[in-house]
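>>> Just a sequence and a predicted model for now, questions to come.
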Amino acid sequence: MNTLGKNIRLTSYGESHGEVIGAVLDGFPAGFTVDKSFIQYQLDRRKPGQSSISTPRTENDEVIINSGVFEGKTTGAPIHFQIKNTNQNPKDYMHLKDVYRPSHADYTYEARYGVRDYRGGGRSSARVTSGWVAAGSLVQDLLAKEKGICVGAYVKQIGTIKLINEPLYYSPDIVESNMVRCPDTKVAIEMIDAIQQAKADKDSLGGVIECVIKGVPAGLGNPVFDKLSSALAHAMMSINAVKGFEIGGGFEMSSMRGSEVNDAFYIENGKPITDTNNSGGIQGGISNGMNIVFRVAFKPTATIGVAQQTITNSGEEISLEATGRHDPCVVPRAVPIIETLAALVLGDFLL
């Protein structure tokens, strides 16, 4: 329930307004030099308060590694990543103590457990994903340095504003050139304007992140119930606010003919490659050596200031205008979450 992976296992812990959040990574190989600056870089991309289109909550998200590392190298023991919550304001959420926010996890958590942490959503908050990013970035760094596998994600769509492009691996410098993390400057400006307008309206927007992974060898993954594509879908659908996952040509292929979407093979430099990549680099659940390409769809942030019909836990019907510190659009901050979870999945198969 709180653990992802079989060979490399990520166990997540913590709540939005608890004392600490983080993760334990078990099964990571010994002898790898830990680049803490890369881990912190990914955490800084995810942390709140980084721009005018994110939540105003400010957290440094400075990672503390408490075990599994000796003299800068991993030992093979479980690695403990800890991040302190330093800017909790539980009082901001008192008005939500007895209220079920529309499309949030308030009602379902209480239905499941009989109790819920109303302070920013508690365990259901995306705040807990910082532990995933800390652990996953270590795996991402290893994949790049020792396996030549590079994982890169970027914002493809915000609301109705969409980047029209062929899926490409973009360097971090290009993706980080603007606050919305879209590699096209003109489209990025439109996206930022749309998010700021939604914020002014006390509303929210969703969007799509595209991820491209290059350097994955053919033959990674297993048939039937342990497919590489299934594992990626499982990880991505575990992220807060995610409502859709598609790989390669995705849903658009359902309205096309096989002759239009099949990826024809040919030989280049002595190895098989395909002239198109509608399969998204995975066929039969196993990588074929092409770039892995997938997209993840996020719904608009559930907590908004617009008046909405809802109920209290005593059954009273009320109108709610939620307050607190929330992202008008979670998508830009989710880019490093996508990258690091994808790295965890690949690492679990490779290592």
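Right, received. Where do you want to start? Numbers count the residues shown, from 1 in each chain.
>>> C-terminal to the host helix or strand of residue 133, what's the next element?
In this structure, residue 133 sits in helix 129-142 according to DSSP states H and E. Following helix 129-142 in sequence order, the next helix or strand is strand 150-158 (DSSP H and E).
>>> After that following strand, which helix or strand is next?
strand 161-162.
>>> partners of that following strand in the sheet?
With DSSP bridges as the test, strand 161-162 is paired with strand 150-158 (antiparallel).
>>> Enumerate the helices of the chain by residue range, in sequence order.
Remark: helices assigned in the chain by DSSP state H are 36-46, 106-113, 129-142, 172-175, 185-200, 228-236, 258-261, 331-350.
>>> Now do the last one: which elements does it pack against?
Okay, so that is helix 331-350. Packing partners of helix 331-350 (3 or more CB pairs under 8 Å, 6 or more residues apart in numbering; DSSP states H and E): helix 36-46, helix 129-142, strand 150-158, strand 207-214, helix 228-236, strand 292-298. C-beta here means a position set from N, CA and C on the backbone, and glycine is covered the same way.
>>> where's it relative to the chain centroid, distance-wise?
Offset of helix 331-350 from its chain centre (CA atoms, centre = their mean, to the nearest Å): 6 Å.
>>> that older thread, and of the helices and strands packed on helix 331-350, who's closest to residue 11?
helix 129-142 (8.9 Å; CB to CB).
>>> returning to that earlier point: which other helices and strands contact the helix holding residue 133?
Counting contacts by 3+ CB pairs under 8 Å, 6+ apart, helix 129-142 is packed against strand 9-14, strand 20-26, helix 36-46, strand 79-84, helix 331-350.
>>> for those, which one ends up most surrounded?
helix 331-350 (a mean of 26; mean count of other CB atoms under 10 Å).
>>> For that helix, give the mean pLDDT please.
What helix 331-350 shows for mean pLDDT is 98.
>>> Hey, what's the angle from that helix to strand 9-14? Just curious.
Here helix 331-350 runs at an angle of 150 degrees relative to strand 9-14 (axes from the mean of the first three to the mean of the last three CA atoms, to 10 degrees).
>>> what angle separates helix 331-350 from strand 292-298?
With the same axes, to 10 degrees as the basis, helix 331-350 and strand 292-298 are set at 140 degrees to each other.
>>> Rebuild the helices of the chain as TSV, extending it with distance to residue 210.
What follows is the helices of the chain, written out as TSV (distance: least, CB to CB, whole Å):
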stretch	distance to residue 210
helix 36-46	16
helix 106-113	29
helix 129-142	17
helix 172-175	11
helix 185-200	13
helix 228-236	12
helix 258-261	18
helix 331-350	9
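>>> which one of the ones you listed lies closest to residue 305?
Nearest to residue 305, of the helices of the chain and by CB to CB, is helix 185-200 at 9.4 Å.
>>> Need the CA coordinates for the closest one. CSV is fine.
What follows is helix 185-200 as a C-alpha-only set of coordinates in CSV (Å, rounded to 0.1, in the frame of the first residue of the first chain):
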residue,chain,number,x,y,z
THR,A,185,8.5,29.5,-25.0
LYS,A,186,5.5,30.9,-26.9
VAL,A,187,3.2,28.1,-25.8
ALA,A,188,4.6,28.4,-22.2
ILE,A,189,3.6,32.0,-22.0
GLU,A,190,0.0,31.1,-23.0
MET,A,191,0.0,28.4,-20.4
ILE,A,192,1.2,30.7,-17.7
ASP,A,193,-1.4,33.3,-18.5
ALA,A,194,-4.1,30.6,-18.3
ILE,A,195,-3.0,29.4,-14.9
GLN,A,196,-2.8,33.0,-13.6
GLN,A,197,-6.3,33.7,-14.8
ALA,A,198,-7.6,30.6,-13.1
LYS,A,199,-5.9,31.7,-9.9
ALA,A,200,-7.5,35.1,-10.2
